[in-house]
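1. Predicted model and sequence follow; I will ask about them next.
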Amino acid sequence: MPRKKLIAANWKMYKTPDQTHDFFRHFLPLVTNHHRDEIVVCTPCLDLHAAIESAKGSNVAVGAQNVHWANEGAYTGEISAPMLLALGCTHVIIGHSERRQYFGETDDTVNLRLKAALEAGLTPIVCVGEVLQEREAGLTEDVLRRQCDRAFHKISTKKAAKLVIAYEPVWAIGTGKTATPQMAADAHRLIRGEAATTFGEDFANQLRILYGGSVKPENAKALMSEEEIDGALVGGASLDPKSFAAIVHY
Ligand code: PGA
């Protein structure tokens, strides 16, 4: 069965609830009846309610950008998987490089968050990717292997069913530099190999691996034409409804 592509927006720390309603008012008519790809918009937590309300009954799902590993507890400022689920979220980004870079996210906390998301029935989008120095030092493969292995630690194939990976070379995020489709496809093959080792060949063949890092309407088609690339995680270009819709229609 061919893998259905997933086109995901990562709004990062942009937009208020009003601006969220506004986005959906413009975006939904541009993607009505688009069922070739799955579409999800990951908003700041405060905008989730507005997004879910706006997207109700449409072909667009809503996701969060982070999740804590406990179901509840004394964790000031955190939000749990059952809370996201209760609100109507279906997806969650985990281990984005900005969280790793600025907020102390580690491979181990990625693993904990992933387990919690899977346990709750959310679709996790786990981000992996090398920084520029690692690529230049020839360490890309080692880094991706380590990030995957540690993220997948002690997760059963059955539990992992909804897993989605996003390969985001950190040097391509928000910089206007994109990995060539070939570079991305090579990284995706390696990640799929790691998934095969942990979860088995069948699982790996069904696993969706998205590409992220300066995806724009102009380069979406070339990237999405690679057989290894099963969708996109889009930051900057997802904030504008027309440009995100153009990517969805690649
Ligand atoms: P970008 O961000 O599309 O703005 O490069 C991608 C991401 O951080 O997920």
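-> That came in fine, so what should we check first? As the structure is a prediction and not an experimental result, all values here were calculated from the model. Numbering: from 1, shown residues only.
2. And the ligand, is stretch 57-71 touching that?
-> No: judged by CB under 6 Å from any ligand atom, stretch 57-71 and the ligand are separated, with a smallest distance of 9.4 Å. Yep, even glycine has a C-beta here, placed from its N, CA and C like the rest.
3. Check which residues of that stretch are buried.
-> Residues of stretch 57-71 classed as buried: 60-69 (neighbour count, 16 or more other CB atoms under 10 Å).
4. hey, which helix is longest across the protein?
-> Looking across the chain with DSSP state H, the single longest helix is helix 181-199.
5. so which residue of this protein comes closest to the ligand?
-> G235 (2.2 Å; CB to the nearest ligand atom).
6. any idea how far H68 is from that residue?
-> With distances taken as CB to CB, to the nearest Å, G235 is found 23 Å from H68.
7. Equivalent analysis for E141, please.
-> To H68, E141 is 31 Å away according to CB to CB.
8. Also V60?
-> If you go by CB to CB, the gap between V60 and H68 works out to 25 Å.
9. Check V234 too.
-> 25 Å.
10. Can you tell me what sits against the least confident helix or strand in the chain by mean pLDDT?
-> Across the helices and strands of the chain, the lowest-confidence element by mean pLDDT, DSSP states H and E is helix 132-136, at a mean of 93. With CB atoms under 8 Å, 6 or more residues apart in numbering as the contact definition, helix 132-136 has outside contacts at 140, 143, 169-171.
11. Shouldn't D18 be within a strand?
-> No: judged by DSSP: H, G, I helix; E, B strand; the rest coil, D18 forms no part of a strand; its state is helix.
12. so what's the residue nearest to it when sequence neighbours are not counted up against?
-> Counting by CB to CB, 6 or more residues apart in numbering, the nearest residue to D18 once its immediate chain neighbours are dropped is A50, at 7.7 Å. Residues in contact with A50 (CB under 8 Å, 6+ apart) are 17-18, 20-21, 43.
13. mind redoing it with 10 Å?
-> With contacts defined as CB atoms under 10 Å, 6 or more residues apart in numbering, the neighbours of A50 are 15-24, 43, 62.
14. Return the members of the residues you listed classed as buried.
-> 15, 17, 20, 23-24, 43, 62.
15. Can you tell me which of the residues you listed is nearest R100?
-> T43 (20.4 Å; CB to CB).
16. Next, give phi and psi for the most centrally placed residue in the chain.
-> What sits nearest the mean C-alpha location of the chain, by CA atoms, centre = their mean, is I125, with 3.8 Å. Dihedral pair for I125: phi -110, psi 100, per degrees, to the nearest 10.
17. Specify the beta-bridge partners of it.
-> Beta bridges link I125 to I93, V164 when assigned by DSSP bridges.
18. Stretch 27-44 vs the ligand: in contact?
-> No: Stretch 27-44 lies apart from the ligand when judged by CB under 6 Å from any ligand atom; the minimum separation is 8.9 Å.
19. Flag every buried residue along that stretch.
-> 27-28, 31, 37-44.
20. And for stretch 221-238?
-> By 16+ other CB under 10 Å, the buried positions in stretch 221-238 come out as 223-224, 228-238.
21. Now find how far off-centre that stretch is within its chain.
-> Chain-centre distance of stretch 221-238: 11 Å, with CA atoms, centre = their mean, to the nearest Å.
22. what is the mean pLDDT for it?
-> The average pLDDT within stretch 221-238 is 96.
23. now do stretch 176-187
-> If you average the pLDDT over stretch 176-187, you get 91.
24. Run through the neighbouring helices and strands of the helix or strand hosting A61.
-> Using DSSP states H and E, A61 maps to strand 60-64. Packed against strand 60-64, as judged by 3 or more CB pairs under 10 Å, 6 or more residues apart in numbering; DSSP states H and E, are the following elements: strand 6-10, helix 17-31, strand 38-42, helix 45-55, helix 81-87, strand 91-94, strand 123-128.
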